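Peer 1: sequence? don't have it. structure:
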């Protein structure tokens, strides 16, 4: 919209605009869903377990991401309507705060996924000692450390976002974490496979085993959704830093709002693939909604 | 992210001369970006990125499917197979909470530990027997072929493995209420 104000060459790749209604609907759905999960875990004493705390941590980071986008849109609308000035100092600080919220959300998501994968790993490989290794207190301490680290990183990155030194670690962290999570899950798969083979080899076994697609599908969904929702944005940051004037890069950067909407979609999908798979959580929801009637 | 506008502000001085920091719906001033003489399609990065991502995800899926292949199917007995220890579908049931562990924790831990060690010992014992019979060709545990039928020990092994319930891990495929499935361990072990 404002491109016509610039007198220089106008790009052929105009910004792809996502309608505001879609934006707000997606953001609101994400916030509500994750809030429900938090409420359910807090209310049900049975869910006060390390596993659910890590899922809550993921829900909080998803909520922050959606909240960020919502607030940003609201401020932009306020700007357009003239309630906020564009050049003010206050707005600049607000903008920095919101940027750091967004980075906090991304880092929080990555580390929460990592914590969930590590928790499952310990459940499987150290099953008998799980309760000694992963006590509630340790889980809370781990979460506190993760969030303190993410908060520190996000403030540092937001303050020094013009340095190349912040963009590169940020973009390296992302694939590194994904790879590590993939390794954890693959190792779990291999154990399951070897156990299944052992059982199947027992002669009296009537064990019906087949190529289990379910596990592969589940894991592909976990990681595939995270990749597809966050990678476009991470690539955007890289291109914005290193080739802002290249026409190809500029065309990629024109779909910035679609990338932002994808991040909010991730906030909606994550609860479905993590939290809602637990029967206990589902029954808590049912009680929350059907009991008062 | 409007923080990124600082980057383009520094590099493109011509576009907005009157402000160092503005807040626009568009985040970038596409100042001197000319689209003359592009060799490839202008959205080539976008298309290339998404195609690459799709290929990667599909590749990952196939690798995982290969990893979870467990070999040739055995005959299945419908009534028993539902009750058996379906280890290879555990991943789909990651949502199983561990709260039943809390209730039975100490009891279960000791019982499970002894059962577990017994089971592992039995399975290893079985492996060693087979290896000694088959010779060096069966070095790896995952390459069992014909298992000689011997005693009721194998039947007991199977019972013992089904009684060992690793929560979050076992999916008995009846997605019934949690309580019944995780109380599987409450039966006293026959072997010990």
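Peer 2: That came through, no problem. Keep in mind that this is a model prediction, so the values were computed, not measured.
Peer 1: just confirm residue A:84 is within a strand.
Peer 2: No - counting by DSSP: H, G, I helix; E, B strand; the rest coil, residue A:84 is not part of a strand but coil.
Peer 1: so it sits against residue A:74, correct?
Peer 2: No - Residue A:84 lies out of contact with residue A:74 (C-beta atoms under 8 Å); the separation is 10.1 Å. C-beta coordinates here come from the backbone N, C-alpha and C atoms, glycine included.
Peer 1: those two: which has the busier surroundings?
Peer 2: residue A:84 (16 against 11; other C-beta atoms under 10 Å in any protein chain shown).
Peer 1: the helices in the stretch 151-293 of chain A, which residues?
Peer 2: A:164-201, A:213-242, A:247-253, A:256-273, A:279-290 (DSSP state H, counting those that start in this stretch).
Peer 1: any idea which of the ones you listed is most buried?
Peer 2: Stretch with highest mean neighbour count among the helices of the stretch 151-293 of chain A: helix A:247-253 (a mean of 23; mean count of other C-beta atoms under 10 Å in any protein chain shown).
Peer 1: show the average pLDDT along that one.
Peer 2: The pLDDT scores in helix A:247-253 average 82.
Peer 1: point out where the chain drops to low pLDDT.
Peer 2: With no chain named, the answer covers chain A. A:1-12, A:86-87, A:161-166, A:204-212, A:291-293 (pLDDT under 70).
Peer 1: sorry, should have said chain B
Peer 2: Low-confidence segments of chain B, defined by pLDDT under 70, span residues B:1-37, B:68-192.
Peer 1: coming back round to it: okay, the helices of the stretch 151-293 of chain A in CSV with distance to chain B next?
Peer 2: Shown next, in CSV, are these (distance: least, C-beta to the nearest C-beta, whole Å):
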stretch, distance to chain B
helix A:164-201, 4
helix A:213-242, 4
helix A:247-253, 4
helix A:256-273, 6
helix A:279-290, 5
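Peer 1: tell me which of the ones you listed lies nearest to residue A:34.
Peer 2: Set against residue A:34 and scored by C-beta to C-beta, the helices of the stretch 151-293 of chain A come closest in helix A:256-273, at 6.2 Å.
Peer 1: which secondary structure elements does that closest one sit against?
Peer 2: helix A:20-43, helix A:50-81, helix A:213-242 (3 or more C-beta pairs under 8 Å, 6 or more residues apart in numbering or on different chains; DSSP states H and E).
Peer 1: which residues does it contact?
Peer 2: A:15-18, A:22-23, A:26-27, A:29-31, A:33-34, A:37, A:58-59, A:62-63, A:65-66, A:69, A:109, A:218, A:221-222, A:225-226, A:228-230, A:232-233, A:236, B:27 (C-beta atoms under 8 Å, 6 or more residues apart in numbering or on different chains).
Peer 1: right, and residue A:40 touches residue A:281 too?
Peer 2: Yes - if you go by C-beta under 8 Å, residue A:40 and residue A:281 touch, sitting 5.9 Å apart.
Peer 1: okay, and the common contacts of those two?
Peer 2: residue A:47.
Peer 1: just give the nearest non-adjacent residue to residue A:276, would you?
Peer 2: Closest residue to residue A:276 apart from its sequence neighbours, by C-beta to C-beta, 6 or more residues apart in numbering or on different chains: residue A:282 at 6.2 Å.
Peer 1: again, but for residue A:71
Peer 2: residue A:98 (6.0 Å).
Peer 1: what number of residues lie near that neighbour?
Peer 2: Residue A:98: 19 surrounding residues under other C-beta under 10 Å.
Peer 1: what about it, distance to residue A:249?
Peer 2: 24 Å (C-beta to C-beta, to the nearest Å).
Peer 1: please apply the same query to residue A:96.
Peer 2: Distance from residue A:96 to residue A:249, by C-beta to C-beta: 25 Å.
Peer 1: okay, the angle between the helix or strand containing residue A:115 and helix A:256-273?
Peer 2: Secondary-structure element containing residue A:115, defined by DSSP states H and E: helix A:89-125. Computed by axes from the mean of the first three to the mean of the last three C-alpha atoms, to 10 degrees, the angle separating helix A:89-125 from helix A:256-273 equals 40 degrees.
Peer 1: now helix A:89-125: how far from the chain's centre is it?
Peer 2: Distance, stretch centre to chain centre, for helix A:89-125: 7 Å (C-alpha atoms, centre = their mean, to the nearest Å).
Peer 1: which strands and helices sit next to it?
Peer 2: helix A:50-81, helix A:130-133, helix A:136-159, helix A:164-201, helix A:213-242.
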